[in-house]
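Asks: Could you work out the structure for the sequence below:
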Amino acid sequence: MSRLAAVCLAVLVCCMATPASAYAPGPLGALQIQLATATMHAPGNVAVEIKDLATGYAMAINAGANMPAASTIKIPVMVEVFRQMALGKFDLNRALHVEPYDRDWGSGDLVDARTGTARTVTQLLWLMITESDNTATNMLIRLVGRSHINATMRSLGLDNTWLGDDIRSEGNIRSLRSSPSDMVHLLDDLAHVRLVDEWSSREMLAILAGQHHNGLIPAPLPKGLSIAHKTGTLHDTLNDVGIVYLTNEPYIIAVMTTHLRSLELGRRFIRRVSKLAFASFERFEHWRTSMGLPGFQPIASAVQTSPLLGPPASGDADPGTSDTEMLPAESTPAPEPSTTASPSPAPTDQP
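Replies: Got it, this is the predicted structure:
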C-alpha cells in the first residue's frame with residue numbers, strides 16, 4: 001500500500017468510527033489528514049480529537065478509544081465538586097483534613113503535610129488542578145464520593161470516563177479511564193458555560209486556566225496565550241486536554257497516549273499535534289470570516305473574571321467546618337440525565 005493510500009485509509013476509518021470527525025472544510029480538512037499522517041508514526045497507542053468552538057467542526061483519530069486518563073480524570077472530580085456545591089452540600093470554605101489514606105506522592109504542598117492538616121475546598125481545587133496534587137484529589141474524592149463522580153459522568157453521556165480507584169501513583173493507572181471524545185464533550189460544555197450552572201462553569205475554566213504544568217499543549221504555542229487545560233502523566237501514559245483561546249477562534253484539543261516507548265517521544269508527539277492544530281486554526285479563522293460563519297463569543301470573559309484565578313492563601317484552613325460532617329458515599333441524589341448524546345463505542349486500550 002502506498003503512503004498516500006495509507007493516509008487516505010486512516011482518514012476514512014476515522015470518519016467512520018467517530019461522528020464528530022465528519023468532513024470539516026477549509027484548513028480543518030487539511031488538519032484531519034495531517035493528524036492521520038502524524039499518528040502513523042506515533043510512539044505508542046494514541047487518540048486525538050480537536051474541535052472548533054465557533055462552528056462545532058471536529059477532527060479526530062480514534063477519539064472514542066478508552067484510554068488511561070491519568071490526572072486528566074481530575075477534571076471530572078472538579079465537576080462533581082461544583083455539582084454538589086450547587087446542590088448546597090457544602091461551599092468553597094468547607095475545611096477538610098488530611099487523613100493517612102489520602103496521601104500520595106507527586107506534586108503539590110500536601111505531599112509532606114501532617115495528618116490533620118486542614119485545607120478548604122477552594123485550596124484543594126487549586127492544588128488538584130494547577131499543581132496536580134494527588135493528596136488534594138483524594139481528599140475531594142472522599143468528600144463527594146467516587147460513585148457520584150462516575151454517575152455524573154454517565155449522566156453527561158461520558159461512557160468512557162470513570163474512576164475505578166482513588167489516585168495512587170503506584171496503583172493500577174488503568175483503573176482511571178477516559179477518551180478524547182469524552183474530554184472534548186466535557187470541555188465543550190465548560191466552554192459554553194452550561195456545565196452545572198454558569199457560575200460553576202466559569203469558575204472551573206478559571207482554575208484550568210491557572211495550570212502550572214505547561215510542557216505539552218502550550219509548549220510550542222505563542223507565549224501569553226490563555227490555555228485552560230489539564231495534563232496527565234504516569235508510567236507509560238501522557239495526556240493533555242484543554243481549551244486554547246486563540247483570538248476569535250478558540251478550540252478544544254484532547255491528546256491521549258499510552259504504551260509509549262518513552263515519555264519524551266510522547267511529549268514530542270503531543271507538541272507536534274498542538275502545533276499543527278494552532279497553525280490550522282489560525283488559517284481557519286480567516287476562512288470562516290470570509291465565508292460569513294459566526295464566531296464564538298462567551299469564552300473571553302469566562303477565564304478573566306474569577307475569585308479563583310489567583311492562588312488561595314496558603315496555610316491551614318479555618319477548622320470551624322469539619323469534614324466529619326460529609327455525606328455518606330451514596331447520599332447525594334442522582335443527577336438528571338443529560339440530553340447530550342453519548343459518544344460512539346470505540347476500541348478499548350488493553351493494560
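Asks: Tell me which residues of the strand or helix carrying R288 come out buried.
Replies: Per DSSP states H and E: R288 is located in helix 263-290. Neighbour-count burial for helix 263-290 flags 263, 266-267, 269-274, 276-281, 284-285, 288 (criterion: 16 or more other CB atoms under 10 Å). C-betas here are computed from N, CA, C, even on glycine.
Asks: Check stretch 89-99 too.
Replies: K89, F90, L92, R94, A95, L96, H97, V98.
Asks: Tell me, what's the model's pLDDT at the residue nearest to the fourth one when sequence neighbours are not counted?
Replies: Closest residue to R94 apart from its sequence neighbours, by CB to CB, 6 or more residues apart in numbering: V121 at 4.8 Å. Predicted confidence (pLDDT) for V121: 98.
Asks: Could you list the low-confidence segments of the stretch 201-350 of the chain?
Replies: Applying pLDDT under 70 to the stretch 201-350 of the chain picks out residues 297-350.
Asks: Show me the strands in it, by range?
Replies: 227-234, 237-244, 251-258 (DSSP state E, counting those that start in this stretch).
Asks: Does anything pack onto the second one? Which helices or strands?
Replies: Contacts of strand 237-244 with other secondary structure elements, assessed using 3 or more CB pairs under 8 Å, 6 or more residues apart in numbering; DSSP states H and E, are made with strand 67-68, helix 180-191, helix 198-209, strand 227-234, strand 251-258, helix 263-290.
Asks: possible to save those as TSV with distance to Q34?
Replies: Output for the helices and strands packed on strand 237-244, formatted as TSV (distance: least, CB to CB, whole Å):
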stretch	distance to Q34
strand 67-68	21
helix 180-191	16
helix 198-209	26
strand 227-234	20
strand 251-258	13
helix 263-290	5
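Asks: and P220, which of those is closest to it?
Replies: helix 263-290 (4.2 Å; CB to CB).
Asks: helices and strands around that closest one, which ones?
Replies: helix 26-40, strand 45-52, strand 237-244, strand 251-258.
Asks: Distance-wise, check N134 relative to A228.
Replies: 21 Å (CB to CB, to the nearest Å).
Asks: same question, L221
Replies: 13 Å.
Asks: what residues does stretch 189-197 touch?
Replies: 53, 79, 82-83, 86, 156, 186, 201-202, 204-205, 208, 228, 243, 250, 252, 296, 298-299, 302, 340 (CB atoms under 8 Å, 6 or more residues apart in numbering).
Asks: Quick one: distance of stretch 59-73 to the chain centre.
Replies: 10 Å (CA atoms, centre = their mean, to the nearest Å).
Asks: buried stuff in it?
Replies: Those would be 59-73, for stretch 59-73 by 16+ other CB under 10 Å.
Asks: quick revisit: more neighbours: L221 and A228, which one.
Replies: A228 (26 against 18; other CB atoms under 10 Å).
Asks: In space, what's closest to the more buried one - neighbours in sequence excluded?
Replies: L208 (3.6 Å).
Asks: And S175, by the same measure?
Replies: With CB to CB, 6+ apart, the residue lying closest to S175 is G164, at 3.2 Å.
Asks: what about the one you found, how many neighbours?
Replies: 13.
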